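Q: could you look at this predicted model? Sequence included:
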Amino acid sequence: MKTELRLKGLKILKIGGAVITDKSPGVFDRAKMDTIERIAKEVATNPSGLILIHGVGSFGHPYVEKYGLKNGRWNVKGVAETHLACEKLCCMVCSALAKEGLNPAPIHPFTSFRIGNRLEFDANFIAELVDDGFVPVLHGDMVRSFDGYAVLSGDRIAAELAKTFGAEKLGFASDTAIVVDGRIVEEVNNDNVSLVLKKLEKETGKSDVTGGMRGKVLSVLEVARQSEVFIFSGLEPGNVAKFLVGEKVGTKIRLWK
């Protein structure tokens, strides 16, 4: 059975690491439990047909930097410590969802994804979980790659799942919508995407090994031709709930061929 038919009306929500953890430089393993619990309550208002991915923030990025795990460099101790920290945060997120009466199903990419010629994973298994009434919960992680281990961002997972299943909506609850020259960009489209990407190159601030807002936009350009994509502030109460019921929030990315 084709997974894209089984997941009609699918919503994919990626919650940014900067939303649920403290990503200040040098900070390790600091979760924002109040925010995690508030988002879990919002997810519980409309959880059907949902796949949830979360960034790992201070449970991932500082470990990658500490052990120099980017650009093909890796060691067993660094990979293990990074994964265990990511898994710890995922357990916190799943526990918060369970307290709201949901049935989260944690999927740890370290044990189930591989970076080959493309991103390899068991799509049918994820589809079955959604069909059975679970909320699959995935996260950024270290995964097996061509010649070792590599960082797999939550943004890439979200985009790949959206393409695989033909998601109706893909939302990124980041620390902000797309902001250029001090103003929120209402829509990114073919006419302004190059300018927006150029402006975002000048981003500075929080520790991030996966490309920041510019990397997020680049990761969704292809899927934005088939799905409605929104990048919005997950720090603003109510925005996650609005996205899940189909309201416009933050920046919409809409591209045409």
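A: Arrived safely, thanks for sending.

Q: stretch 232-252: end-to-end distance?
A: End-to-end span of stretch 232-252 (C-alpha to C-alpha, to the nearest Å): 9 Å.

Q: ok, stretch 67-77 next?
A: End-to-end distance (C-alpha to C-alpha), stretch 67-77: 9 Å.

Q: other residues contacting it?
A: 63-64, 78-79, 81-82, 142, 147-151, 209 (C-beta atoms under 8 Å, 6 or more residues apart in numbering). In this view, the C-beta of every residue, glycine as well, is placed from N, C-alpha and C.

Q: chain center to it: distance?
A: Averaging C-alpha positions (C-alpha atoms, centre = their mean, to the nearest Å) puts stretch 67-77 22 Å from its chain's average.

Q: for the record, mean pLDDT for it?
A: For stretch 67-77, mean pLDDT is 88.

Q: before we move on, the earlier item: now, the contacts of stretch 67-77 that are in strands?
A: Secondary structure from DSSP state E places 142, 148-151 of the contacts of stretch 67-77 in strands.

Q: of the contacts of stretch 67-77, keep whichever come out buried.
A: 63-64, 78-79, 81-82, 142, 149-151, 209 (16 or more other C-beta atoms under 10 Å).

Q: which strands and helices lie in contact with the host helix or strand of residue 126?
A: Taking DSSP states H and E as the criterion, residue 126 maps to helix 123-131. Packing partners of helix 123-131 (3 or more C-beta pairs under 8 Å, 6 or more residues apart in numbering; DSSP states H and E): helix 3-6, strand 50-54, strand 135-139, helix 154-165.

Q: could the buried ones among the contacts of stretch 67-77 be laid out in JSON lines, adding distance to residue 54?
A: Below are the buried ones among the contacts of stretch 67-77 laid out as JSON lines (distance: C-beta to C-beta, whole Å):
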{"residue": "63", "distance to residue 54": "16"}
{"residue": "64", "distance to residue 54": "16"}
{"residue": "78", "distance to residue 54": "21"}
{"residue": "79", "distance to residue 54": "20"}
{"residue": "81", "distance to residue 54": "19"}
{"residue": "82", "distance to residue 54": "15"}
{"residue": "142", "distance to residue 54": "16"}
{"residue": "149", "distance to residue 54": "20"}
{"residue": "150", "distance to residue 54": "19"}
{"residue": "151", "distance to residue 54": "15"}
{"residue": "209", "distance to residue 54": "16"}
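
Q: report the two of these separated the most.
A: 81 and 150 (15.7 Å; C-beta to C-beta).

Q: quick check: which ranges of the stretch 1-150 of the chain have low pLDDT?
A: 1-6 (pLDDT under 70).

Q: try the stretch 151-257 of the chain
A: 203-211, 257.

Q: ranges for the helices of it?
A: 154-165, 193-200, 212-220, 239-244 (DSSP state H, counting those that start in this stretch).

Q: winner for burial among those?
A: helix 154-165 (a mean of 24; mean count of other C-beta atoms under 10 Å).

Q: so which elements touch that one?
A: Looks like helix 154-165 contacts helix 3-6, strand 11-15, strand 50-54, strand 119-120, helix 123-131, strand 135-139, strand 169-174, helix 212-220 (3+ C-beta pairs under 8 Å, 6+ apart).

Q: what about 7 Å?
A: helix 3-6, strand 11-15, strand 50-54, helix 212-220 (3 or more C-beta pairs under 7 Å, 6 or more residues apart in numbering; DSSP states H and E).

Q: I figured residue 172 hits residue 14, correct?
A: Yes - look at residue 172 against residue 14 with C-beta atoms under 7 Å: they come within range, at 5.0 Å.

Q: if we can go back for a sec, and residue 229, which of the helices and strands packed on helix 123-131 is closest to it?
A: helix 154-165 (8.0 Å).

Q: can you give the distance of that closest one from its chain's centre?
A: Distance, centroid of helix 154-165 to centroid of chain: 8 Å (C-alpha atoms, centre = their mean).
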